Each structure stands twice: as structure tokens, then as C-alpha cells.
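J.: what follows is a predicted protein model with its sequence.
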Amino acid sequence: MTTIYSMDSLKEKLAELLDVIPKHSSVVYLDYPLYGNVGDLLIMKGTEAFFKAYGIRVRERWNAENFNPGRKIPQEAIIVCQGGGNFGDLYPHFQQFRERVIEHYPNNRIVILPQSIYYENEQNIRRTRDILTAHPDLHLYTREKASFQFANKHFEGLNNIRMMPDMAHQLWPIEPPEKPSESVLRLIRTDKEANGSLQKAQEPDTYDWPVILSDRDKRGIRRLQTLNALNKKAGNPLPIAHYWERYSDMLVNKSIRFFSCYESVVTSRLHGHILSCLLQKENIVIDNSYGKNANYYNTWMKDIPDTKLIQEKTEEPPVLV
């Protein structure tokens, strides 16, 4: 029987993570995003909201740039890795970081929060499989059906594979802080996942996450990244995660206010779609270059009111009326 999901039920489903990250447990949260991709920041904020909702104690927070694999972590602490869409060889820096962590901590439970998986190279798939299956207590959460099927097919021997919505759903609902004053927001990818056959990115009213953030915002991010690198060289005496928590709150809140100013949204960003739904805005989601958006939409979002997927090229650009 096909399950019909609502925004309420998607948030409730995240509670199944308590099977492996119990209430009031102690965790080390790794790979939080120290950069300006607002979609990844929404995942981080949802993850932190999940920890808070269930009394989960975060002992330490580390990004991929300032954590040294081999650092002593108590055996009872659960290592929790950030979810998102960078599992595979499209973003090797983050994948290699995760794999080093898995290799260095065979005695800790490791939970990889909901990820979309994409590989281009068969040898990289085999390498990942060997690393994952060597760990005795590794739990991989995939973010949609296609990734779940991929993991079960290619990571044979890894028994703890489950499917879960994106962690940003823990933020549901978000009350719009502004009343709409504009009609349609076009939030269109300009990076390696852009789908040139479906999206139009050159119109003057088109935005992407880097456009929403001001030059001042970006300078602030770069300063914290520089401080993060210097802090690592000095042995990490400064609480970078705490500084970033406050600064990223500002970036996310700014993006929420920006979205709130529009009646509806057309986007090829997965979290442009998810944020629109969290704000209960009518939206159209355009698939990305390798099917991630369509896979997510068809797994979880197709029954959410006022949403539509564009997966195939059409004569006319998508419109909301």
C-alpha cells in the first residue's frame, strides 16, 4: 500500500532515528556545514532541533576542516554525521572525511543522517562498500528510494540501511515572518548540479543561495572560515561551533524572510522546495542534473498540497498562477 505523507508525518517519521540515537544519549556531531549553502544550513538547524527535542546531549561539534580523525572520543558517545546530498564521488572532500571517520572509530556507533547517494566511478563505490561494511555498528540513512535501492545493491554486507526524510523537516512548521509582497520567486541552481535542459537561469529575476546572501554575509563566512583554520593550528581553543551557530541563525533567518516575501516559488534547489513547504508556500520543484530532486519528491513530497515536479523538458517554462 502506498503511504501518503504530510508535513506533520514527515517530521514524526524522523523520530524513528531514536532507534539508534536514543533519547538523552551523548553524541559527537561531525561535518556540520561551515559555508553559505542555505540548504545545508537548514539540515544543520533541523538536526540541532532534533537533538534538542529529544534531550540528546551534544558533547562536541566539528566541521570537516577542523576535526582530526584519531581524536579521542569516549566509546559510549555516538558519532553522528551530517545529512545532505554529498554522499558519493561528486563531492569527494566530504565523502573522504566520512570514510576516514568510519575507519578511525570502529568502537563507536556511527550514524550517517539522511543522505542522497550519487557515484560516477565504480571503483569509488567498491572502496566505500569495503569501508562501510568493515565497521560493526554503522547506520546509514538514505534520503529517498533511489539512494536506498542503490545502497542495498552496492553496499552488500551493510545491514543497517534505512530510509528517512531530510533533517530539515524537524523545523516544521515555520511561521512566515513577512507577508508576501511579490509574486513568484525563482531560485535556480548555478553549480554542478544545474539541469540546463530544464531550468532557465539567466532571467533577471532569478536567484540562488549565493545571491540571497549579501557581500557582507559572505565576508563574515570567510572570516569565520579563516578563524576556523587558524584555530585548528592553535589546537582549537576557540568555540567555533558556537560562533557559527549564532551567525548561521542570522543567515537562515534572512533566507526565511526572503522566501516569505513571495506568494510562490519555482526552484531547482531541493531545499528551496523543502523551505517553501515548511512555510506552506505553493511551489514548483525542477529536477537537478542527476535526479535527486525528482527522487526526493516522488518518495516523500508528491502528496504535499500545492507542490509540483518538473522532471521532463516542456515547451513552456514552469509557471505558477
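T.: Sure, I can see it.

J.: the residue nearest to residue 117 when sequence neighbours are not counted: neighbour count?
T.: Spatially, and ignoring its direct neighbours in sequence, residue 117 is nearest to residue 147 (4.1 Å; CB to CB, 6 or more residues apart in numbering). In short, each C-beta sits where N, CA and C put it, glycine included. Neighbourhood size, residue 147 [other CB atoms under 10 Å]: 26.

J.: can you classify residue 147 by secondary structure?
T.: Look at residue 147: counting by DSSP: H, G, I helix; E, B strand; the rest coil, its state is helix.

J.: next up, the contacts around it.
T.: Neighbouring residues of residue 147 by CB atoms under 8 Å, 6 or more residues apart in numbering: 87, 115-117, 163, 295.

J.: how close does the residue sitting nearest the centre point of the chain get to residue 271?
T.: Nearest to the mean C-alpha position of the chain, counting by CA atoms, centre = their mean, stands residue 84 at 2.9 Å. Between residue 84 and residue 271 the distance is 9 Å, computed by CB to CB, to the nearest Å.

J.: joint contacts of those two?
T.: 39-40, 43.

J.: with respect to residue 307, which of those is nearest?
T.: When the shared contacts of residue 84 and residue 271 are ranked by distance to residue 307 (CB to CB), residue 39 comes first, at 16.7 Å.

J.: are we agreed that the closest one is in a strand?
T.: No - under three-state DSSP, residue 39 falls outside any strand and is assigned helix.

J.: relative to residue 51, how far out is it?
T.: 19 Å.

J.: have a look at the two and say which one is more surrounded.
T.: Set side by side, residue 39 and residue 51 give different neighbour counts by other CB under 10 Å, the larger being at residue 39 (21 against 18).

J.: who's in contact with that one?
T.: 84, 168, 209, 269-272, 274.

J.: can you put those in CSV and add pLDDT and secondary structure?
T.: CSV is the format used below for the contacts of residue 39 (pLDDT from 0 to 100; DSSP: H, G, I helix; E, B strand; the rest coil):
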residue, pLDDT, secondary structure
84, 96, strand
168, 98, helix
209, 87, helix
269, 92, coil
270, 95, helix
271, 96, helix
272, 96, helix
274, 98, helix
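
J.: before I go, just wanted to say thanks for your time.
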